[in-house]
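[1] based on what follows, work out the 3D shape:
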Amino acid sequence: MLALHRIFGLALTDYFTDSPYRVDTEKDLSVKQQYLDVVIIEQEAGRPMPELPDGLDNIGQHNLATYKSSHQALDSWGLDELLGHFVNYRKQISPSLEKLLPVEDFRLYAVCTREPEKLATEVTLTPLKPGVYETLWGTHKIRIIVLSQMPKTKRNAIWHLFSGIAEKVQYGVENYQWRRSDNSTIINQLYHHYRVEGIAMSYTFQDYYRDFTKENLGLLTAEERLEGLPVEERLKGLPVEERLKGLPPRLLLQSLSADEIEAYLKKLRKKKTKRK
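    Take a look at the predicted model:
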């Protein structure tokens with residue numbers, strides 16, 4: 001089973017697909033492997049982004065994010081780690097240690113599913129909007145994004161997927177517009193995590209797959225819609241007249257025996273006789 005922070009990174013990868021940003025997940029930043037959960041990097045190409053989810057409105061050229069699920073508390077150590085990853089990352093991507101990229105090119109985010117109660121006793125969390133806070137850590141500002149507190153709006157649909165609240169997760173599944181076609185693994189793994197955690201989800205992966213298929217059915221050709229269906233399934237519900245429409249008489253007669261044809265002709269003759 002995929003770890004939840006990896007699923008979080010895959011979801012953000014989908015969100016920024018075809019945009020001016022690319023997403024790197026589990027970024028290796030040292031000889032002794034230490035992984036930064038997500039890096040969102042601005043690119044030259046890509047379609048303009050729609051309205052960004054709450055908390056990412058200040059997105060920059062290099063955006064480093066740590067993620068804590070409902071089983072992990074976001075605390076001061078988590079911010080220490082994020083700052084350490086930032087220092088390491090900045091060194092790696094800069095031309096040299098003497099020519100470091102400017103600090104203004106970077107944004108730091110700490111994303112967590114549940115409210116960071118312990119962190120709130122250690123630092124001042126300045127509220128910017130519901131679910132979004134900012135704190136000064138050393139000389140650096142860090143955005144704190146609390147997913148369970150996010151307002152239920154479509155722009156926050158990706159956040160709701162990881163909110164840990166069944167109603168909001170369902171809203172996220174129903175309203176998040178996937179950019180990539182290989183999203184089924186992400187949704188399946190996400191539901192599996194919630195089942196393990198005992199969070200009852202009334203909207204299942206099968207429900208999502210059915211709804212997604214119905215919404216996109218018009219994109220398929222008639223041949224693609226019927227592909228794989230046995231003949232009896234294709235014909236089910238069609239009246240006999242519709243089934244036979246367009247068939248040349250020769251083919252219709254070939255399917256009948258001589259006795260059946262003769263019997264049918266006798267009926268026609270009788271009808272004509274009665275009319276006279």
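
[2] in this structure, where is pLDDT below threshold?
    For the chain, applying pLDDT under 70 flags the ranges 1-2, 29-33, 182-185, 195-220, 222-229, 231-238, 240-247, 251-252, 272-276.

[3] can you give me the strands in it?
    21-28, 35-42, 62-68, 106-112, 126-129, 132-137, 140-146 (DSSP state E).

[4] helices or strands up against the second one?
    Yep, that's strand 35-42 we're talking about. The helices and strands touching strand 35-42, judged by 3 or more CB pairs under 8 Å, 6 or more residues apart in numbering; DSSP states H and E, are helix 4-15, strand 21-28, strand 62-68, helix 76-93. Any C-beta I mention is one placed from the backbone N, CA and C, and that applies to glycine too.

[5] which of the strands of the chain sits closest to Tyr264?
    Distance to Tyr264, taken as CB to CB, is lowest for strand 21-28 among the strands of the chain, at 68.9 Å.

[6] now Leu265: how far from Asp259?
    Distance, Leu265 to Asp259, by CB to CB, to the nearest Å: 11 Å.

[7] neighbours around the residue nearest to Gln149 when sequence neighbours are not counted, how many?
    Spatial nearest neighbour of Gln149, chain neighbours left out: Gly131 (3.6 Å); criterion: CB to CB, 6 or more residues apart in numbering. Gly131 has 21 neighbouring residues, counting by other CB atoms under 10 Å.

[8] so who does Gly131 touch?
    54-55, 145-151, 159 (CB atoms under 8 Å, 6 or more residues apart in numbering).

[9] what does Gly78 give?
    By CB under 8 Å, 6+ apart, the residues touching Gly78 are 66, 68, 110, 119.

[10] out of those residues, which comes closest to Leu79?
    Taking CB to CB as the measure, Leu79 sits nearest to Ala110 out of these, at 6.2 Å.

[11] Gln72 is in contact with the closest one, correct?
    No - Ala110 is beyond contact range of Gln72, at 11.2 Å (criterion: CB atoms under 8 Å).

[12] return the distance of stretch 66-82 from the chain's centre.
    Distance of stretch 66-82 from the chain centroid (CA atoms, centre = their mean, to the nearest Å) equals 23 Å.

[13] next: stretch 127-137.
    With CA atoms, centre = their mean, you get 26 Å for stretch 127-137.

[14] what's the straight distance from one end of that stretch to the other?
    15 Å (CA to CA, to the nearest Å).

[15] ok, back up a step: more neighbours: Ala110 and Gln72, which one.
    Using other CB under 10 Å as the criterion, Ala110 and Gln72 rank with Ala110 on top: 26 against 15.

[16] Trp178 versus that one, what's the distance?
    Taken as CB to CB, the span from Ala110 to Trp178 is 26 Å.
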